[in-house]
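*Asks:* Sequence and predicted structure, then a few things I'm wondering about:
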Amino acid sequence: MNHTTRRRSLGLAGIMMAGILLAACADDDTTASDDSAGDGGYDIALVSKGFQHQFWQAVQQGAEEAADEFGAEITFEGPDSESEVAQQIDMLQSALDRSPDAIGFAALDSQAAAPLMDEAANRDIPVVAFDSGVDSDVPLATAATDNRAAAALAAEKMVEHIDGEGKIALIVHDQTSVTGVERRDGFVEYIEENAPDVEIVSVQYGGGDHLESTNLATAILEGNPDLDGIYGSNEGSAIGVINAVEELGMAGDLTIIGFDSGQAQIDAIRDGTMTGAITQNPIGIGYETVKAAVMALEGEELPETIDTGYFWYDSSNIDDEEIQEVLYE
């Protein structure tokens, strides 16, 4: 065999070998994509209520942990504040326009998003609600705290700490989302049904904004110098109450019950400004949302609600391992 013939033979052999390798790789790729989302095959868009609170950062952390575990790719975004309903709707529309495999959605307004839920259904994009439910039958599941029950526990603790009588007020983050409504109603209903000597003198809505909640709490305290307690229904609301009490020099003078976690509430509980708070499991909320989306994409049946749990914490148990696992700073 001359040199030219040998080179041609080697060249043909190389081409044949490359073809075999490419075919093998193609088979491997097909197998990997068929197995599950194990190779990042699922694109899941999550639209939250915002980024301004540490709560949502913890939700994102949980979502990313699930994405890593199940091999999905996620995007996570939210409006500038929890009062920006129109901005959130625009984000949801943008998410739909890029046709992800699934969507996770935490509604600021449970009714405003209904038309886009229908659009998702028409395009066969499964939706998992998280934190807040949506006024629609489209979401396959909702991963959230039992907010009504959690708020009732907050009210029970309020009644306990004011000895069953006195005047109290509420700073609630909104009256349009499911969480806002349920955390208000669960609290109020418990008081009405179990504490006849407790009077609710005011319910105000601060949009979950620290500054607005501070202003509202300040006005309530100045108008009701004999107030015995205030309940803040989320992180921003509770921080607003803490700020108002501290600015007025009233720390330790009344019972403050919060909701969620974050460094400000943790510090306030440790120094005695805040009596205690309800913590959710935000990492669990994010994790369960992505897990449910992957399950839906793989044809698995989902429960209508995924209860991610809640806990009461105060100075007596804040350092317990069970509590530390669900607090975020």
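*Replies:* Cool, the structure landed.

*Asks:* In the stretch 1-150 of the chain, mark out all the helices, start to finish.
*Replies:* All helices of the stretch 1-150 of the chain, identified by DSSP state H, counting those that start in this stretch, fall at 3-35, 54-70, 85-97, 114-122, 147-161.

*Asks:* Give me the residue at the spatial middle of the protein.
*Replies:* Centroid check for the chain by Cα atoms, centre = their mean gives D131 as the closest residue, at 4.5 Å.

*Asks:* do you know how far that one is from I220?
*Replies:* With distances defined as Cβ to Cβ, to the nearest Å, the gap from D131 to I220 amounts to 27 Å. Heads up, the C-betas are built off the backbone N, CA and C, glycines and all.

*Asks:* same thing with A296?
*Replies:* A296 sits at a distance of 44 Å from I220 (criterion: Cβ to Cβ).

*Asks:* Any chance you could list what contacts stretch 243-258?
*Replies:* Among residues not part of stretch 243-258, those counted as contacts by Cβ atoms under 8 Å, 6 or more residues apart in numbering are 154, 157-158, 161-162, 168, 210, 213-215, 217-218, 221-222, 227-232, 235, 237-238, 241-242, 265, 268, 271-278.

*Asks:* Which of those fall in helices?
*Replies:* When the contacts of stretch 243-258 are checked against helices (DSSP state H), the matches are 154, 157-158, 161, 210, 213-215, 217-218, 221-222, 235, 237-238, 241-242, 265, 268.

*Asks:* Kindly give a single PyMOL line that selects the buried subset of those residues.
*Replies:* Selecting just the buried residues from the ones in helices among the contacts of stretch 243-258 in PyMOL takes one command, with 16 or more other Cβ atoms under 10 Å as the test:
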select buried, resi 154+157+158+161+210+213+214+215+217+218+221+235+237+238+241+242+265+268
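
*Asks:* low-scoring stretches of the protein, by residue?
*Replies:* Low-confidence segments of the chain, defined by pLDDT under 70, are located at 1-40.

*Asks:* so H210 touches V241, yeah?
*Replies:* No - counting by Cβ atoms under 8 Å, V241 is not a contact partner of H210; they are 10.2 Å apart.

*Asks:* quick one on the thing from earlier: which residue, other than its chain neighbours, is closest to the residue nearest to the centre of the chain?
*Replies:* Of all residues beyond its chain neighbours, the one nearest D131 is A106 (4.1 Å), with distances taken as Cβ to Cβ, 6 or more residues apart in numbering.

*Asks:* That neighbour contacts G133, correct?
*Replies:* No - if you go by Cβ under 8 Å, A106 and G133 don't touch, sitting 9.5 Å apart.

*Asks:* count of neighbours near T273?
*Replies:* Taking other Cβ atoms under 10 Å as the criterion, the count of residues near T273 is 20.

*Asks:* residue contacts, it?
*Replies:* With contact set as Cβ under 8 Å, 6+ apart, T273 has these partners: 242, 245-246, 251-252, 256.

*Asks:* Can you select the buried ones among those for me in PyMOL?
*Replies:* Of the contacts of T273, the buried ones can be selected in PyMOL as follows, counting by 16+ other Cβ under 10 Å:
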select buried, resi 242+245+251+256
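
*Asks:* Next step: the contacts of T273 restricted to helices.
*Replies:* 242, 245-246.

*Asks:* Closest one to P196 out of the residues you listed, please.
*Replies:* Minimum separation from P196 among the ones in helices among the contacts of T273 (Cβ to Cβ) is found for V245, which lies at 26.7 Å.

*Asks:* Please tell me how far the closest one sits from D319.
*Replies:* As it turns out, when the distance is counted by Cβ to Cβ, V245 lies 24 Å from D319.

*Asks:* again with Q87
*Replies:* From Q87 over to D319 (counting by Cβ to Cβ), the distance is 39 Å.

*Asks:* Looking at the two, which is more packed in?
*Replies:* Comparing Q87 with D319 by neighbour count (other Cβ under 10 Å), the higher total belongs to Q87, at 15 against 11.

*Asks:* Tell me who's in contact with the more buried one.
*Replies:* Counting by Cβ under 8 Å, 6+ apart, Q87 makes contact with 79-80.

*Asks:* roughly how far apart are it and A120?
*Replies:* Using Cβ to Cβ, Q87 is found at 19 Å from A120.

*Asks:* With E65 instead?
*Replies:* Relative to A120, E65 is positioned 25 Å away (Cβ to Cβ).

*Asks:* same check, this time on V198
*Replies:* In this view, V198 and A120 are 43 Å apart by Cβ to Cβ.

*Asks:* what's the answer for N281, then?
*Replies:* Distance from N281 to A120, by Cβ to Cβ: 26 Å.
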